[in-house]
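J.: below: sequence and its predicted model.
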Amino acid sequence: FAICQRATASGCGDGDVVATALRDVLEKRRDSFDYEYPCHSPDEQRWFNLHITPLQGGEAGAVLVHENITNRKLTEESLARSTQLTQQFIDQLPGIAYVKDEERRVLVANKGFVAMLGMNPSEMIGRSNRELFPGAFGEKIDAEDLQILASGEPVTIEESFDGRFFETRKFVIFSESGRR
């Protein structure tokens, strides 16, 4: 508990959180506790996960494990930067643009959907063609997407929706392994 008190005294609010959780585990008010925290040094950024569990066999005490999760956190930060960059790029494209996965669910969509179709791009994420466009139009898009996924060939399609006409370019984006 002394380490937790020193951390709190040095301006790190994490010490109180960890001390409370440790007491809870020791007094059997909680089965375990996990907590991710930064622990940067002057030379590098580091993150750890603290896992607290009670000692087994009826003895009083707890096991505290600090796992270095720096690589995972750096990867998450890199992914977030890449996602933000992709979103900023796609938002600058004219018209509407989106990327879907193999289940035809939207992974990313641009701001063009707001102006052209009144759809918020963030609300489209994870949704399928049929969820976004119920009825015949959603079924049509789904069938086209399945055909393009099967052939792997790019296609330009003229289509209409809600009284508007669109020319849509659809293509498969292959991963490094060649998967779609």
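T.: Everything's here; your move. Numbers count the residues shown, from 1 in each chain.

J.: what ranges does this protein have for its strands?
T.: Using DSSP state E, the strands of the chain run over residues 33-38, 47-54, 62-68, 98-100, 106-109, 155-161, 164-170.

J.: let me know which of the ones you listed is tucked in deepest.
T.: Each of those was scored by mean neighbour count; the highest is strand 106-109, a mean of 19, by mean count of other Cβ atoms under 10 Å. (Each C-beta comes from the backbone N, C-alpha and C, glycine too.)

J.: mind listing what it pairs with, with the direction of each?
T.: Its sheet considered, strand 106-109 pairs with strand 98-100 (antiparallel) by DSSP bridges.

J.: where does the prediction get shaky in this protein?
T.: 1-13, 178-180 (pLDDT under 70).

J.: spell out for me which residue occupies the centre of it.
T.: Centroid-nearest residue in the chain: residue 80, 8.1 Å away (criterion: Cα atoms, centre = their mean).

J.: and that residue, how far from residue 44?
T.: In this view, residue 80 and residue 44 are 19 Å apart by Cβ to Cβ, to the nearest Å.

J.: these two touch, right, residue 17 and residue 35?
T.: Yes - judged on Cβ atoms under 8 Å, residue 17 makes contact with residue 35 at a distance of 6.7 Å.

J.: can I get the strands of the chain in TSV including distance to residue 128?
T.: What follows is the strands of the chain, written out as TSV (distance: least, Cβ to Cβ, whole Å):
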stretch	distance to residue 128
strand 33-38	33
strand 47-54	35
strand 62-68	37
strand 98-100	9
strand 106-109	8
strand 155-161	16
strand 164-170	15
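
J.: and of those strands, who's closest to residue 74?
T.: Minimum separation from residue 74 across the strands of the chain (Cβ to Cβ) falls at strand 47-54, 8.4 Å.

J.: let me know the angle separating that closest one from strand 62-68.
T.: Angle, strand 47-54 to strand 62-68, by axes from the mean of the first three to the mean of the last three Cα atoms, to 10 degrees: 160 degrees.

J.: strand 47-54 versus strand 33-38: what angle between them?
T.: Using the same axes, to 10 degrees: strand 47-54 against strand 33-38 is 160 degrees.
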